[in-house]
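**Student:** Build me a structure from this.
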Amino acid sequence: MRPFRARFGGIFAIVAVLAGMAGVQVWRLYHTNPPFQNLLKAEIATPIDTFNASAANPADKHMIIVTGSGSHVQFGPKLFPALITAYWCPHCQRTLVLLDRRQKTLKRLPIVISTGFAQGTTLAEAKNLTAKEVSSLHLRGFRVYYLLHNWRSTVTEFPTLVFSRGGKWMQLHGEHTIAVWRKAIGP
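**Tutor:** Predicted coordinates:
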């Protein structure tokens, strides 16, 4: 009897091709983290130049994030503005690079909440993947937290900036121009 993988290898190859054609990332099918890749030149999009903020997802108010040392922190206004990113997201990578390069013109940098990890990812694995991203993209000055579990119920788009305006929690999704980020990050 041939091993499972050998017997069904052709089926997996077909599924991988079809998933690729459908825009589904194959790694999600297997529930493992892909290795970090510099994707700055992938899925190029024109940054949004409109301030199109909306009310934040109510689930954000119950989000528990983890510091690099493993302490659990309740997400909230003390951490705002907060940029939620995934290391495998080209739009997130370009946003991080843009904010990093323009940080002298910003009043402050948002904290980064690194997420998008496969279920069961340990803090050590998440830190390793994020460290590779920070190193490869030459980022500096960002304070990083991690959202390891149940992120799919909270985060619907990447990148997402969560911030406060007039006491209300707001969010901004997608790749934007620096003028829009400045307006959202604000004072």
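
**Student:** got the CA positions of stretch 88-96 in PDB?
**Tutor:** Backbone C-alpha positions of stretch 88-96 (Å, rounded to 0.1, in the frame of the first residue of the first chain) are rendered in PDB as follows:
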ATOM      1  CA  TRP A  88       2.000  37.500   4.400                       C
ATOM      2  CA  CYS A  89       0.000  40.500   3.200                       C
ATOM      3  CA  PRO A  90       1.600  42.700   0.600                       C
ATOM      4  CA  HIS A  91      -0.600  45.600   1.400                       C
ATOM      5  CA  CYS A  92       0.400  45.400   5.000                       C
ATOM      6  CA  GLN A  93       4.100  45.300   4.100                       C
ATOM      7  CA  ARG A  94       3.800  48.300   1.900                       C
ATOM      8  CA  THR A  95       1.900  50.200   4.600                       C
ATOM      9  CA  LEU A  96       4.500  49.400   7.200                       C
END
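
**Student:** This structure: strands as residue ranges?
**Tutor:** Secondary structure of the chain, counting by DSSP state E: strands at 54-55, 64-66, 72-74, 82-86, 111-115, 144-146, 160-165, 168-173.

**Student:** do you know which of those lies nearest Glu43?
**Tutor:** strand 82-86 (12.8 Å; Cβ to Cβ). C-betas here are computed from N, CA, C, even on glycine.

**Student:** And the strands of the chain: which comes nearest Leu39?
**Tutor:** Smallest distance to Leu39 across the strands of the chain (Cβ to Cβ): 10.6 Å, for strand 82-86.

**Student:** What pairs with that closest one, parallel or antiparallel?
**Tutor:** Strand 82-86 pairs in its sheet with strand 111-115 (parallel), strand 160-165 (antiparallel), by DSSP bridges.

**Student:** coming back round to it: quick one: closest of the strands of the chain to Thr95.
**Tutor:** Of all the strands of the chain, strand 82-86 sits nearest to Thr95, with 7.0 Å by Cβ to Cβ.

**Student:** and the closest one with strand 168-173, angle?
**Tutor:** For strand 82-86 against strand 168-173, the angle by axes from the mean of the first three to the mean of the last three Cα atoms, to 10 degrees is 30 degrees.

**Student:** Figure out how far strand 82-86 is from the centre of its chain.
**Tutor:** What separates the centre of strand 82-86 from the centre of its chain is 4 Å, taken as Cα atoms, centre = their mean, to the nearest Å.

**Student:** What mean pLDDT does it get?
**Tutor:** Per-residue pLDDT over strand 82-86 has a mean of 96.

**Student:** Export it to PDB, keeping only CA atoms.
**Tutor:** Listed next in PDB are the C-alpha coordinates belonging to strand 82-86 (Å, rounded to 0.1, in the frame of the first residue of the first chain):
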ATOM      1  CA  ALA A  82      -3.100  50.300  16.300                       C
ATOM      2  CA  LEU A  83      -2.300  48.900  12.900                       C
ATOM      3  CA  ILE A  84      -3.400  45.200  12.400                       C
ATOM      4  CA  THR A  85      -1.200  43.400   9.900                       C
ATOM      5  CA  ALA A  86      -0.400  40.000   8.600                       C
END
